[in-house]
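Engineer: The following block contains a protein sequence and its predicted model.
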Amino acid sequence: MEFFSLVLYLLLTYTLLTLLSLLSRSRAGPKLPPGPAPLPVIGNLLKLGDKPHKSLAELAKIHGPIMSLKLGRKTTVVISSPALAKEVLQKQDLAFSSRTVPNAAHVDDHDKYSVVWLPVSDRWRSLRKIMNSHIFSGSRLDANQNLRQKKVQELIDYAGKCCQDGIAVDIGSVIFTTSLNLLSNTIFSVDIANPNQDSAKQFRDLVWQIMVEAGKPNLVDYFPALVKIDPQGIRSRMTDYFKKMFELFGRLIDERLELRRLGESGGEKDVIDILLNINEEIDRTHIEHLCLDLFVAGTDTTSSSVEWAMAELLHSPDTLDRAKAELEKTLGKTKMVQESDIAQLPYLRAIMKETMRLHPPAPFLVPHRVETDVEISGYTVPQGAQVLVNAWAIGRDPSVWTNPTSFMPERFLDSDIDIRGRDFELIPFGAGRRICPGLSLAVQVVPVMLGSLINSFDWKLEGEIKPEELDMDDKFGLTLQKAQPLRVVPFPL
């Protein structure tokens, strides 16, 4: 009897504490969005788990499409519907346009130079203008089209060698290498990584390590008082990685400056020449930090998207057969996809959209922050709050999508929904003034790589794994990765 009395006492105490917590939330100034009751000190951190994009989607089913949580000392508001995403990213995008800067991004004052982390300001506008005008403009992308085609050809050649040798291709790794070389040639006119050699493995691993560290939950971000302790060592490791990256960029810039001094360079053959030619708008420190942004943001996102698309196609052989039939009919077997072909390949475009619906590269986009109290949907987002837009949850919302967890590219064939930030049901690149500046490049590169791979070879899962047995689980990080890397063996068509 004493046991049951104790249990009853504990239940009543817990209920009372919960009610007091909810009452304090309702009385503490502005009306916050609903959310789970926080625990003392740690708040709702235990609710996140190792896959916060999924756990927050489940919590949104209980508390609604706008929800507030306390993550340590940080108030976080989570948006999980297209209508509220439009409110945040378009209708009130200036109010939500600042960033929550993770502690790791403060290394070498990166947050003060990075177009990703800077608040909307004159410096940010100048950097965005440079990127839009000199790196991702239509004319600049057209000028680099042959370079991109060359890098895709090298990808196919590598897969062809694996085909001859009967060995598996690690899709994520080889696409990462291709993306890395595409960027390094666009910026510096050099290959930094070679899939056939280990000489550049150190740099490839360095970029990967930065992505891993940046994606780890960091206690310092939730409890700022720990900043000097750096309990997980994340800032210490990032300091080392940034140093190595800036040393490499510095060496490549010095080499280019020397060539220019000797009169052997100085045109506009690549990005670094362009940036050096407009030095009244951007100094060397900004150039180095801009290079870091481009390499970190432009490699892992592309490789994860192509890897997920290949995985979904191999997991669904009928869909792969339909994609192959379209490519064969339009281009002919074994032909590489050209960027000019994409407009004639609606099913390939639909595959890319469906992949990014189910597996957005950045499931929470890049965290936003409000500098003043903002009213939305009858609630107040308080000054200093972090705002997460759960693009992963929006892409699987059953009120928006039929059979939301099924891979069905056909849903886009008779749909005007696109990924360019105008349709808030599908926002893998964000929207509004903070939309990803590399979107125009991604929509060219991803379908060309994917289409060329599936039109050049037949593919078989390594180890005699059946399509229905393929592990489709993910792991959370700065980008959404496959939990198990996709390894597939190419065969001649």
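Structural biologist: Everything's here; your move.
Engineer: now for the one helix or strand Asp240 maps to, which elements pack on it?
Structural biologist: Asp240 belongs to helix 234-261 when assigned by DSSP states H and E. Packed against helix 234-261, as judged by 3 or more CB pairs under 8 Å, 6 or more residues apart in numbering; DSSP states H and E, are the following elements: helix 201-215, helix 271-277, helix 284-315. Bear in mind the C-beta positions are built from the backbone N, C-alpha and C, glycine included.
Engineer: Only the buried residues of the last one, if you could.
Structural biologist: It refers to helix 284-315. By neighbour count on 16 or more other CB atoms under 10 Å, the buried set for helix 284-315 is 286-315.
Engineer: Can you name the next helix or strand after that helix?
Structural biologist: Next along from helix 284-315, by DSSP H and E: helix 317-330.
Engineer: Can you tell me which helices and strands that following helix packs against?
Structural biologist: Under the contact criterion of 3+ CB pairs under 8 Å, 6+ apart, helix 317-330 touches helix 284-315, helix 346-358, helix 439-456.
Engineer: follow-up on the earlier one: in the helix holding Asp240, which residues are buried?
Structural biologist: 234-235, 237-238, 241-242, 245-246, 248-249, 252-253, 256.
Engineer: for stretch 385-401, same thing?
Structural biologist: 385-397, 400-401.
Engineer: Low-confidence regions, the stretch 51-200 of the chain specifically.
Structural biologist: Along the stretch 51-200 of the chain, the parts satisfying pLDDT under 70 run over 194-200.
Engineer: Please enumerate the helices of it.
Structural biologist: 52-63, 82-86, 122-134, 138-143, 145-165, 171-188 (DSSP state H, counting those that start in this stretch).
Engineer: Mind checking the helices and strands packed on helix 317-330 for the one nearest to Gly172?
Structural biologist: Of all the helices and strands packed on helix 317-330, helix 284-315 sits nearest to Gly172, with 4.1 Å by CB to CB.
Engineer: In this structure Pro404 contacts Asp397, no?
Structural biologist: Yes - at 6.5 Å, Pro404 counts as touching Asp397 under the criterion of CB atoms under 8 Å.
Engineer: about what we covered before: so for the helix holding Asp240, mean pLDDT?
Structural biologist: The average pLDDT within helix 234-261 is 93.
Engineer: Now do it against helix 201-215, angle only.
Structural biologist: On the basis of axes from the mean of the first three to the mean of the last three CA atoms, to 10 degrees, helix 234-261 is oriented at 130 degrees to helix 201-215.
Engineer: and Ile417, which of the three is it?
Structural biologist: coil (DSSP: H, G, I helix; E, B strand; the rest coil).
Engineer: next one: Ile427
Structural biologist: coil.
Engineer: how far away is it from Val207?
Structural biologist: 25 Å (CB to CB, to the nearest Å).
Engineer: Over to Lys86?
Structural biologist: The gap separating Lys86 from Val207 is 34 Å, by CB to CB.
Engineer: more crowded one of the two?
Structural biologist: Val207 (23 against 20; other CB atoms under 10 Å).
Engineer: Correct me if wrong: the more buried one contacts Leu292.
Structural biologist: No - contact criterion CB under 8 Å: Val207 and Leu292 do not qualify, at 9.6 Å.
Engineer: residues shared between the contacts of the two?
Structural biologist: Residues touching both Val207 and Leu292 (CB atoms under 8 Å, 6 or more residues apart in numbering) are Met245.
Engineer: Count the residues that sit near Pro492.
Structural biologist: 10.
Engineer: With Ile278 instead?
Structural biologist: 13.
Engineer: now His53
Structural biologist: His53 - counted by other CB under 10 Å - has 21 other residues nearby.
Engineer: just checking, it touches Pro363?
Structural biologist: Yes - using CB under 8 Å, His53 makes contact with Pro363 at a distance of 3.9 Å.
Engineer: what residues do those two have in common as contacts?
Structural biologist: With CB under 8 Å, 6+ apart, His53 and Pro363 have common neighbours 390, 392, 476, 480.
Engineer: Buried residues, stretch 405-425. List them.
Structural biologist: Those would be 407-409, 411-412, 419, 421, 423-425, for stretch 405-425 by 16+ other CB under 10 Å.
Engineer: Turn these into a markdown table, columns for distance to Pro40.
Structural biologist: Putting these into a markdown table (distance: CB to CB, whole Å) gives the following:
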| residue | distance to Pro40 |
| --- | --- |
| Phe407 | 43 |
| Met408 | 45 |
| Pro409 | 48 |
| Arg411 | 46 |
| Phe412 | 47 |
| Ile419 | 42 |
| Gly421 | 40 |
| Asp423 | 42 |
| Phe424 | 37 |
| Glu425 | 39 |
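Engineer: and those, which of them are in helices?
Structural biologist: Nothing among those maps onto helices, per DSSP state H.
Engineer: Does Ile175 touch Ser303 like I think?
Structural biologist: Yes - checked against CB under 8 Å, the pair Ile175 and Ser303 is within contact range at 4.1 Å.
Engineer: Might you report the residue contacts of Ser173?
Structural biologist: So Ser173 contacts 303, 485 (CB under 8 Å, 6+ apart).
Engineer: tilt between the helix holding Asp240 and helix 171-188?
Structural biologist: Using the same axes, to 10 degrees: helix 234-261 against helix 171-188 is 40 degrees.
Engineer: From Lys353, how far off is Val446?
Structural biologist: On the measure of CB to CB, Val446 and Lys353 end up 10 Å apart.
Engineer: my bad, should have said Leu365
Structural biologist: Distance from Leu365 to Lys353, by CB to CB: 17 Å.
Engineer: Who has more neighbours out of the two?
Structural biologist: Taking neighbours as other CB under 10 Å, Leu365 and Lys353 compare with Leu365 leading, 25 against 20.
Engineer: isn't there a strand covering the more buried one?
Structural biologist: No - counting by three-state DSSP, one finds Leu365 to be coil, located in no strand.
Engineer: Pretty sure it sits against Phe424.
Structural biologist: No - with contact defined as CB under 8 Å, Leu365 does not count as touching Phe424 (11.8 Å).
Engineer: Quick check, Ala385 in contact with Arg369.
Structural biologist: Yes - using CB under 8 Å, Ala385 is in contact with Arg369, at 7.0 Å.
Engineer: what residue ranges in the stretch 251-400 of the chain score low on pLDDT?
Structural biologist: In the stretch 251-400 of the chain (pLDDT under 70), the answer is 265-268.
Engineer: Spatially nearest residue to Arg422, not counting backbone neighbours?
Structural biologist: By the measure of CB to CB, 6 or more residues apart in numbering, the closest residue to Arg422 outside its immediate chain neighbours is Ala431, 7.4 Å from it.
Engineer: Contacts only, for the one you found.
Structural biologist: Per CB under 8 Å, 6+ apart, neighbours of Ala431: 85-86, 89-90, 93, 421-422, 424.
Engineer: who touches stretch 310-326?
Structural biologist: Under CB under 8 Å, 6+ apart, the answer for stretch 310-326 is 171, 345-348, 351, 354-355, 358, 407, 409, 450-451, 453-455, 459, 461, 467-468, 470, 472, 482, 486, 488.
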